[in-house]
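Asker: sequence and predicted structure, then a few things I'm wondering about:
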Amino acid sequence: MSLEEELTKIRPHKDTLLSIGVFDGVHLGHEHLISHLSESARKRDMLIGVLTFNRHPEEILSPPGKLCYLITLEQRRQLLQSLHPDFVVVLPFTRETAETTAREFIILLQKHLRMRGLVIGPNFTLGNNKAGNVATLQKMGQEMGFTIDVVPPLEIKGIMVSSTTIRLALHDGNIKRVNMLLGRPFSLEGKIIPGVGQSTIIGFPTANLDVASQQCLPANGVYATLIQINNKRYFSLTNIGGKATLGRVISQASMEFKNVQFVETHILDFTGNLNGVNVKIQFLEHLREELVFDNINDIRSQINDDIKQAKAIFENLPEYGQETK
């Protein structure tokens, strides 16, 4: 579907104020921007609109395989809607979209969404070759009858909140920083799939999460986590790794996966077969880096230590098995 065809689906009954972006992660910086958008729109008696793209522009403009997402498109849509705009529009980002000029884009927004203003960050760009920067848009606004409101970026403890900053922290395994900038625990969602059986042999069965290929994952290691199964949450330990730790001890066949990240969760005080069940895993703290062991007894000893360390973190959290709201 083309950009214009998607815009025609929204028929606002009065003028609108818009924010546009990928909004990957829908972090506190995005919430800060949309809060300003909402306040400005109400003062001007306009509708609040948020426009996002189904793909990051870098997927089209950069070499493949270089980009990962903090959340899925559906999660992004839900989180944006939770900020209570009047409408959220998911626009297709295609080669055609990339070649649309800033002026052409603005004309479409005015024609279909009754756009009378944009609320943007200082580094915002729009249109082909990113030509629609703040200065250009301000000049166009004077000519075409719309306003530009530039919102300074949000900083927390001296750190600028951005999707890029969060991705870098995630790559480093700095979950505390990730969660601080997101304003909520980083999470992974997906279906549980069968594993290779190594963890059961060791005595600590795990649920293996099937994650999308473009999902950003934390650095390899072990994390204290919460896992949501249906409407209940349980304390858990999640290992992000390439199987090399267990593969060297038990099965050389699994070593072919050494360059692939796996997500395995051991759920405390839980029994049952979860294969095919959709779950959500929330990351609380990084416990340790991924290790390679010489024998199974050493692995068992380390996992027991991991559980003790995680339980100290869980002590201040609601009891596992708690019903979620």
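Answerer: Received it, and whenever you're ready, just let me know what you need. It should be emphasised that the depicted structure is a prediction, and the values quoted were computed from it without experimental measurement. Numbers count the residues shown, from 1 in each chain.
Asker: and residue 36, helix, strand or coil?
Answerer: Look at residue 36: counting by DSSP: H, G, I helix; E, B strand; the rest coil, its state is helix.
Asker: and it, how many neighbours?
Answerer: Neighbour count of residue 36, defined by other CB atoms under 10 Å: 16. Placement of C-beta: from N, CA and C, glycine included.
Asker: show me the contacts for it.
Answerer: 119, 149, 151 (CB atoms under 8 Å, 6 or more residues apart in numbering).
Asker: which residues touch stretch 141-161?
Answerer: By CB under 8 Å, 6+ apart, the list of residues contacting stretch 141-161 reads 27-29, 32-33, 36, 40, 106, 110, 115-124, 134, 137-138, 140, 162, 165, 177, 180-181.
Asker: before we move on, the earlier item: buried members of the contacts of residue 36 into ChimeraX, please.
Answerer: The buried residues among those can be selected in ChimeraX (16 or more other CB atoms under 10 Å) with this line:
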select :119,151
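Asker: how is this protein carved up into domains?
Answerer: 3-156, 186-320 (automatic domain parsing).
Asker: quick one, which of these gets closest to residue 172.
Answerer: domain 186-320 (5.9 Å; CB to CB).
Asker: and that closest one, how far from the chain's centre?
Answerer: 20 Å (CA atoms, centre = their mean, to the nearest Å).
Asker: try stretch 109-127
Answerer: On CA atoms, centre = their mean, the centre of stretch 109-127 falls 24 Å from the chain's centre.
Asker: cool, stretch 138-154 as well?
Answerer: Relative to its chain's centre, stretch 138-154 lies at 28 Å (CA atoms, centre = their mean).
Asker: next, the buried residues of it.
Answerer: In stretch 138-154, counting by 16+ other CB under 10 Å, buried: 140-141, 146-148, 151, 154.
Asker: cool, and stretch 298-311?
Answerer: Quick answer for stretch 298-311 (16+ other CB under 10 Å): 299, 303, 306-307, 310.
Asker: please tell me how far the closest residue to residue 37 other than its chain neighbours sits from residue 149.
Answerer: Spatial nearest neighbour of residue 37, chain neighbours left out: residue 119 (4.2 Å); criterion: CB to CB, 6 or more residues apart in numbering. Counting by CB to CB, to the nearest Å, the separation of residue 119 from residue 149 is 5 Å.
Asker: which neighbours do those two share?
Answerer: Joint contacts of residue 119 and residue 149 (CB under 8 Å, 6+ apart) are 36, 40.
Asker: helices of this protein, start to end?
Answerer: With DSSP state H as the criterion, the chain has helices at 3-7, 28-43, 57-61, 73-81, 95-99, 102-113, 134-144, 163-171, 175-182, 198-202, 244-247, 296-314.
Asker: where do the strands sit along the stretch 151-300 of the chain?
Answerer: 155-156, 159-160, 186-193, 207-210, 221-229, 232-241, 262-267, 278-288 (DSSP state E, counting those that start in this stretch).
Asker: now do the buried residues in the third one.
Answerer: Just to be clear, that refers to strand 186-193. Applying 16+ other CB under 10 Å to strand 186-193 flags 186-190, 192 as buried.
Asker: the inter-axis angle of it versus helix 163-171?
Answerer: 60 degrees (axes from the mean of the first three to the mean of the last three CA atoms, to 10 degrees).
Asker: packing partners for strand 186-193?
Answerer: With contacts defined as 3 or more CB pairs under 8 Å, 6 or more residues apart in numbering; DSSP states H and E, strand 186-193 has these neighbours: helix 175-182, strand 207-210, strand 278-288.
Asker: least confident of the ones you listed, on average?
Answerer: Note on the helices and strands packed on strand 186-193: lowest mean pLDDT is at strand 207-210, with a mean of 91.
Asker: need the contact partners of that one.
Answerer: Applying CB under 8 Å, 6+ apart, the contact partners of strand 207-210 are 188, 190-195, 227, 262-267, 274, 279, 281.
Asker: now the residues you listed: which count as buried?
Answerer: So, by 16+ other CB under 10 Å, the buried ones in the contacts of strand 207-210 are 188, 190, 192, 195, 227, 262-267, 274, 279, 281.
Asker: any chance of those residues in CSV, with distance to residue 317 too?
Answerer: Below are the buried ones among the contacts of strand 207-210 laid out as CSV (distance: CB to CB, whole Å):
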residue, distance to residue 317
188, 18
190, 23
192, 22
195, 27
227, 13
262, 25
263, 21
264, 21
265, 16
266, 17
267, 15
274, 21
279, 18
281, 15
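Asker: least confident pick among those?
Answerer: Among these, residue 195 has the lowest pLDDT, at 69.
Asker: next, give phi and psi for residue 162.
Answerer: phi -150, psi 160 (degrees, to the nearest 10).
Asker: looks like it contacts residue 28 (just checking).
Answerer: No - here residue 162 does not reach residue 28: they are 10.3 Å apart, not a contact under CB atoms under 8 Å.
Asker: next one: phi and psi at residue 133?
Answerer: Dihedral angles phi and psi of residue 133 (degrees, to the nearest 10) take the values phi -80, psi -180.
Asker: tally of neighbours for it?
Answerer: The burial count for residue 133: 16, using other CB under 10 Å.
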